[in-house]
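Colleague: how does the following fold in three dimensions:
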Amino acid sequence: MPDFKLTFQEEVRRLARKEVKAASETLAAQQKTIRELTKRVDALEKKQAVPVAQKADKPAEAVVPAKSGKARFSPKTIAKFRKKYGISQKGFAALLGVATFTVSHWELGKNRPRATQVAAISALTKLGKRKVAALLAEKAPAEVAKKPTKAAKPAKADKPAKKARKPRAPKVAKTVAVAVSAVATDKVITVKP
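Modeller: All right, here's what the predicted structure looks like:
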């Protein structure tokens, strides 16, 4: 009879080699897939890089100066800027070339602007009121036309007199009697409207 110990060891080695071979084949297949996907991504990035560099009419990039370091972003910054310069969210969105709801989401802190947009916001905050107004007139002339003008306040004599309020009747609590069938006593519950 053959030695059981040697037979068992040979069988374990054979099964281990079989498992390692199967695992290495799947690993090789995954590595091949990763290499192919990396090549595709590189090709797509090269293809995409050319049109983006050629676009010069992007509003956010038109405002950004040549040297723009890392700018910080705070939702409060946009709200303060808009309030200071009297710009609506729609006008601010037109200056940056984004949608109005995007500016709203930035102010609420739901989203963050992209790096180019942060740089554009930073550049806008450094501009003077006249330059911002000129940019706004250029980008969104309809927003400039909507701006309210300061009109003279009507004199107090022009205002109609306020009507006197009618006094309200006091609230009265309602009393409801509830009979309890199991017990011979009545309970009174007060309900306030």
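Colleague: in the chain, which helix has the most residues?
Modeller: Identified as the longest helix of the chain according to DSSP state H is helix 4-54.
Colleague: after the least confident helix or strand in the chain by mean pLDDT, which helix or strand is next? Please name it.
Modeller: The element with the least model confidence among the helices and strands of the chain, by mean pLDDT, DSSP states H and E, is helix 59-63, at a mean of 47. Counting by DSSP states H and E, the element after helix 59-63 in chain order, helix or strand, is helix 75-85.
Colleague: elements contacting that next one?
Modeller: With contacts defined as 3 or more Cβ pairs under 8 Å, 6 or more residues apart in numbering; DSSP states H and E, the secondary structure elements packing on helix 75-85 are helix 89-96, helix 100-108, helix 115-126, helix 129-139. The C-beta positions use only the backbone N, C-alpha and C, and glycine is treated the same way.
Colleague: which residues touch it?
Modeller: Residues outside helix 75-85 that contact it (Cβ atoms under 8 Å, 6 or more residues apart in numbering): 87-89, 92, 103, 106-109, 121, 124-125, 129, 132-133.
Colleague: give the rounded mean pLDDT of the longest helix of the chain.
Modeller: Computed over helix 4-54, the mean pLDDT rounds to 87.
Colleague: stretch 73-88 too?
Modeller: Across stretch 73-88, pLDDT averages out at 84.
Colleague: stretch 136-148 now?
Modeller: Across stretch 136-148, the average pLDDT comes to 65.
Colleague: CA atoms only for stretch 115-134 - export them in PDB, please.
Modeller: Listed next in PDB are the C-alpha coordinates belonging to stretch 115-134 (Å, rounded to 0.1, in the frame of the first residue of the first chain):
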ATOM      1  CA  ALA A 115     -11.600  75.600  -9.900                       C
ATOM      2  CA  THR A 116     -11.900  77.800 -12.900                       C
ATOM      3  CA  GLN A 117     -15.200  79.200 -11.600                       C
ATOM      4  CA  VAL A 118     -13.600  79.800  -8.100                       C
ATOM      5  CA  ALA A 119     -10.900  81.800  -9.900                       C
ATOM      6  CA  ALA A 120     -13.400  83.700 -11.900                       C
ATOM      7  CA  ILE A 121     -15.400  84.600  -8.700                       C
ATOM      8  CA  SER A 122     -12.200  85.600  -7.000                       C
ATOM      9  CA  ALA A 123     -11.300  87.900 -10.000                       C
ATOM     10  CA  LEU A 124     -14.800  89.400  -9.900                       C
ATOM     11  CA  THR A 125     -14.600  90.300  -6.200                       C
ATOM     12  CA  LYS A 126     -11.300  92.100  -6.900                       C
ATOM     13  CA  LEU A 127     -12.900  94.300  -9.600                       C
ATOM     14  CA  GLY A 128     -14.400  97.700  -9.000                       C
ATOM     15  CA  LYS A 129     -18.100  98.400  -9.000                       C
ATOM     16  CA  ARG A 130     -17.900 100.200 -12.400                       C
ATOM     17  CA  LYS A 131     -16.000  97.300 -14.100                       C
ATOM     18  CA  VAL A 132     -18.500  94.800 -12.700                       C
ATOM     19  CA  ALA A 133     -21.400  96.900 -14.000                       C
ATOM     20  CA  ALA A 134     -19.700  97.200 -17.400                       C
END
